[in-house]
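> Requesting a structural model of the entry that follows:
(2 chains)
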Amino acid sequence: MAETTMTHTSQMEPRPAGWRGIAADWASDQRAFKNVSWGKAMMWIFLLSDTFIFGCFLLSYMTARISTRVPWPNPSEVFALRIGGSEIPLILIAIMTFVLISSSGTMAMAVNFGYRHDRRKTAILMLLTAALGATFVGMQAFEWTKLITEGVRPWGNPWGAAQFGSCFFMITGFHGTHVTIGVIFLIIVARKVWRGDFDIGRPGFFTSRRGRYENVEIMGLYWHFVDLVWVFIFAFFYLW
Amino acid sequence: MAEATANGLGQHALHATHAQEAAAVATTDTHQEHPIKLYLVVWAWLFILSTCSYLVDYFGIHGYLRWSLILIFMMLKAGLIVAVFMHMAWERLAMMYAIILPPILVLVFVTMMVFEADYTLLTRIAFFGPGP
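Predicted structure coming up:
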């Protein structure tokens, strides 16, 4: 990392707008993301790679669904719940969607209060986000249990194409794992905020480096990504 | 750092780098401040859009209208989350293109797999007949 890597926008000559500016940012021996810290840039690149993983899952689901001769089970009926004597289609999935969106909202506000160095509000909002995330995972566990007792397996199900089960368990399982990891990290970062680690510059337990309030935003990027993936799963797997 | 010492710039250059880094940190630490109201508005919109996409299923809309509505609501939700919640709208253009362009290129892969899946379906129908 030569000294050029540390330039940031205020000390730099103005760049042309649009594509020419992008070319100028990327050209020659310098740091491409000028005003983005390494932590944030690396989280974005990790999320990009994760996008490809979920993209491949949804692609393989699409391929399986197009190429089967057997009719695909109707998700609207499969995920219906009997509440008060009538079948309501997809109601559990809709509630899960609202829970996850709410957790994204509280996370965004936590990031905002983090930059205002409001430790109390940041930590409380992050713990609320974690609680909503845990609720989501709990509802997913309920959904899995319901489907497994109804006879859905990765190799078959009572309603139609056998690939339905493998796609469902793979996609929602991987997403649920992401949510679970996110909840654990939220609790860890919330504890650091609560203790004031980012104010006194206490070294982290894993990297031994001093954290900043930007860590809350990097955590938020991951959490919003989990919500983003659910938007696509909801559209392609449950509604299509 | 390795390059700096290798070039013989020595300890002074390193100190200067750290000072600049600290300055950069100070700016990045504060530049993402937006009013809370913005987040609440986006939150409300996400709720409205989710309700709309749920109603598509609830009212049993079918065919191309269903698919286009699902895709429109999905893209609007994804755009709001990435632009506002993930602060992409305020990032530098070089960063936006580096992150958003590659996933769009996945559409090429999607096209390839649509052809491949259609071909698989055709061969299955040819060999096993049209459905069980």
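> wait, what's in contact with the nearest residue to A:R15 once chain neighbours are set aside?
Once flanking residues are discounted, A:R15 sits nearest to A:G21: 4.3 Å by CB to CB, 6 or more residues apart in numbering or on different chains. Yep, even glycine has a C-beta here, placed from its N, CA and C like the rest. Residues in contact with A:G21 (CB atoms under 8 Å, 6 or more residues apart in numbering or on different chains) are A:15, B:93-94.
> what's the answer for A:P75, then?
With contact taken as CB under 8 Å, 6+ apart, A:P75 is in contact with A:90, A:237-240.
> can you tell me how far the residue nearest to A:R15 sits from A:L125?
36 Å (CB to CB, to the nearest Å).
> Filter the contacts of A:G21 down to the buried ones.
A:15, B:94 (16 or more other CB atoms under 10 Å in any protein chain shown).
> phi, psi of the residue nearest to A:I88 when sequence neighbours are not counted?
The shortest distance from A:I88 to any non-neighbouring residue, by CB to CB, 6+ apart, is to A:L81 (5.8 Å). Dihedral pair for A:L81: phi -120, psi 140, per degrees, to the nearest 10.
> I'd like the distance between A:L81 and chain B.
Look at A:L81 and chain B: by CB to the nearest CB, to the nearest Å, they are 13 Å apart.
> now swap in A:S208 and tell me
17 Å.
> ok, now A:F236?
8 Å.
> Within its local environment, how many residues does that residue see?
Applying other CB atoms under 10 Å in any protein chain shown, we find 19 residues neighbouring A:F236.
> so where's the chain shaky on pLDDT?
I'll assume chain A. Residues of chain A that meet the criterion pLDDT under 70 lie in A:1-13, A:28-29.
> ah, I was thinking of chain B
B:1-32.
> In the record's domain split, what are the boundaries for it?
Per automatic domain parsing, the structural domains of chain B span B:1-31, B:34-90, B:91-132.
> export those domains to TSV and tack on distance to chain A?
TSV is the format used below for the domains of chain B (distance: least, CB to the nearest CB, whole Å):
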stretch	distance to chain A
domain B:1-31	4
domain B:34-90	4
domain B:91-132	4
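> Looking at these, spot the one closest to A:Y222.
Between A:Y222 and those, the shortest gap by CB to CB is with domain B:34-90, which sits at 9.9 Å.
> start to end distance for that closest one?
End-to-end distance of domain B:34-90 (CA to CA, to the nearest Å): 11 Å.
> how near is A:Y222 to A:A141?
21 Å.
> neighbour-wise, which of those two wins?
Using other CB under 10 Å as the criterion, A:Y222 and A:A141 rank with A:Y222 on top: 19 against 11.
> so is the closest residue in space to that one that isn't next to it in sequence in a helix, a strand, or just coil?
Closest residue to A:Y222 in three dimensions, ignoring its sequence neighbours and counting by CB to CB, 6+ apart: A:G182, at 6.0 Å. The three-state label given to A:G182 by DSSP: H, G, I helix; E, B strand; the rest coil is helix.
> residues contacting A:G182?
A:G182 sits next to A:133, A:222-223, A:226 when contact means CB under 8 Å, 6+ apart.
> and if you look at A:L228?
Per CB under 8 Å, 6+ apart, neighbours of A:L228: B:78, B:81-82, B:86.
> Swap in 7 Å and give it another go.
By CB atoms under 7 Å, 6 or more residues apart in numbering or on different chains, the residues touching A:L228 are B:78, B:81-82.
> Helix or strand for it, just tell me which one.
Using DSSP states H and E, A:L228 maps to helix A:214-233.
> correct me, but A:A32 touches B:A94?
Yes. Counting by CB atoms under 7 Å, A:A32 does reach B:A94; the two are 5.9 Å apart.
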